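Participant: Sequence and computational prediction follow.
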Amino acid sequence: ALLLDWAALVDDGRAADGLAAAALRLGPGDCRYLGPWALRHALYLMEWTLALDVALDLAVTPPDLEQVFWYWEYVLAARAALASEAGRRRVLMRDSLARQPDAPVPTDDDRARDALADARDAARDAVLRARRCVCRALHLVCARRAAADGSDAGAFVYSSRRTRFAKRFAAFACFREPPPVSFEDYQ
């Protein structure tokens, strides 16, 4: 239910951004603040859901863990794309404001704040890349372990891998972004 609420909040944020852009006579993509903010927090919730799968031993077999880490890497990729877009928009806004004819001359404090924000963005991007690499590596380790043990054969007595995948990630289907993935995408 919490993810459904955040999915609705993301949609409401996008609608509010569209209304603000119309009221300010801006282009539809020029005012994007509430939608990305809500999406960022929804992605955090998706990530914590996956972390709880692992922490609570809801995914314990190598094939289950393989699916979880694969999807986790997908969520981190969406977070990285969203963060990169936010950083790009921040730089564009800063540069367009600086080009205004009545723009004040940037002070040393302004330049220091901009440099700090640029460093923060670079550090965030590096951390997200590292976390994606860890998830990708864990996914591959679990896949190789499952193949080596032959644990895929007897692990799914009561349901297929497709059914387990669909049930495990059904809660994420309420989000339009990142688009929900199917078992076929996973394969």
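Facilitator: Sure, I can see it. Numbers count the residues shown, from 1 in each chain.
Participant: Run through the neighbouring helices and strands of the top helix by length along the chain.
Facilitator: The single longest helix within the chain, with elements called by DSSP state H, is helix 108-149. Here helix 108-149 is seen to pack against helix 62-98 when contacts are counted using 3 or more CB pairs under 8 Å, 6 or more residues apart in numbering; DSSP states H and E. Placement of C-beta: from N, CA and C, glycine included.
Participant: For the helix it packs on, enumerate the helices and strands it packs against.
Facilitator: Judged by 3+ CB pairs under 8 Å, 6+ apart, the packing partners of helix 62-98 are helix 34-55, helix 108-149, helix 151-154, helix 161-168, helix 183-186.
Participant: what's the average pLDDT for the longest helix of the chain?
Facilitator: Confidence for helix 108-149, expressed as mean pLDDT, is 92.
Participant: among the helices and strands packed on helix 62-98, which is the most enclosed?
Facilitator: helix 34-55 (a mean of 18; mean count of other CB atoms under 10 Å).
Participant: Distance from the chain centre to that helix, please.
Facilitator: 7 Å (CA atoms, centre = their mean, to the nearest Å).
Participant: what do you get for stretch 143-153?
Facilitator: On CA atoms, centre = their mean, the centre of stretch 143-153 falls 29 Å from that of its chain.
Participant: do stretch 65-76 as well
Facilitator: 11 Å.
Participant: So for the chain, the centremost residue is which one?
Facilitator: Nearest to the geometric centre of the chain sits Arg79, at 2.9 Å (CA atoms, centre = their mean).
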